[in-house]
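Asks: build me a structure from this.
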Amino acid sequence: MVDRAKVGNVVNVGTGLLDEFKAFVFRGNVVDLAVAFVIATAFKEVVDSMVADIIMPIIGIVGGAPNFSGNTFSINGSEFGWGNFVTKLLAFVIVAAVVYFLVVKPMNLVLTRLKISKETEDGTETVTQTTVKDTQ
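Replies: Take a look at the predicted model:
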């Protein structure tokens, strides 16, 4: 015969695990990470479109072709797609520049305006915070 007390404990343990899982999923940093992932995916589409539809045609005006993927060379029957590599490399450099100048640089500017500095006086540490309102 089955001992109902033991079965009840197993069900309670399962419920406890479910509660712990809910607490983990709804913790702030997990939700923040999910939101950041969705925003990054949307931002990637915008940057990819800018590279493909604006920057690469400008490169095509200067270089003759906006897409170098068709450029290859062969050695002993092996084909090397150097043009595809150059196209992907240019796209990476452009994406890195866009992220740097449109995200990292402005964020660093905001962080310097909200700079938190630590000053030591006679071995004690005091923390002062400068806000944007204080700098204007």
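
Asks: my read is Glu79 is in a helix, agree?
Replies: No: the assignment for Glu79 is strand, going by DSSP: H, G, I helix; E, B strand; the rest coil, so no helix is present there.

Asks: any idea which residue sits dead centre in the chain?
Replies: Residue closest to the mean C-alpha point of the chain, counted by C-alpha atoms, centre = their mean, is Ala40 at 5.8 Å.

Asks: tell me which element that one is part of?
Replies: helix 28-50 (DSSP states H and E).

Asks: what helices or strands is whichever helix or strand comes after that helix leaning on?
Replies: Remark: after helix 28-50, the chain's next helix or strand is helix 56-63, criterion DSSP H and E. Packing contacts for helix 56-63, counted by 3 or more C-beta pairs under 8 Å, 6 or more residues apart in numbering; DSSP states H and E, involve helix 82-99. Every residue, glycine included, has its C-beta placed from N, CA and C.

Asks: send the alpha carbons of the helix it packs on over as PDB?
Replies: Coordinates of the C-alpha atoms in helix 82-99 are reproduced here as PDB (Å, rounded to 0.1, in the frame of the first residue of the first chain):
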ATOM      1  CA  TRP A  82      37.000  36.100 -50.700                       C
ATOM      2  CA  GLY A  83      34.300  38.500 -51.800                       C
ATOM      3  CA  ASN A  84      31.800  37.100 -49.400                       C
ATOM      4  CA  PHE A  85      34.300  37.500 -46.600                       C
ATOM      5  CA  VAL A  86      35.000  41.100 -47.500                       C
ATOM      6  CA  THR A  87      31.300  41.900 -47.700                       C
ATOM      7  CA  LYS A  88      30.700  40.400 -44.200                       C
ATOM      8  CA  LEU A  89      33.800  42.100 -42.800                       C
ATOM      9  CA  LEU A  90      32.600  45.500 -44.100                       C
ATOM     10  CA  ALA A  91      29.200  44.900 -42.600                       C
ATOM     11  CA  PHE A  92      30.700  44.000 -39.300                       C
ATOM     12  CA  VAL A  93      32.900  47.100 -39.200                       C
ATOM     13  CA  ILE A  94      29.900  49.300 -40.100                       C
ATOM     14  CA  VAL A  95      27.700  47.700 -37.400                       C
ATOM     15  CA  ALA A  96      30.400  48.100 -34.800                       C
ATOM     16  CA  ALA A  97      30.800  51.800 -35.800                       C
ATOM     17  CA  VAL A  98      27.000  52.400 -35.600                       C
ATOM     18  CA  VAL A  99      26.800  50.700 -32.200                       C
END
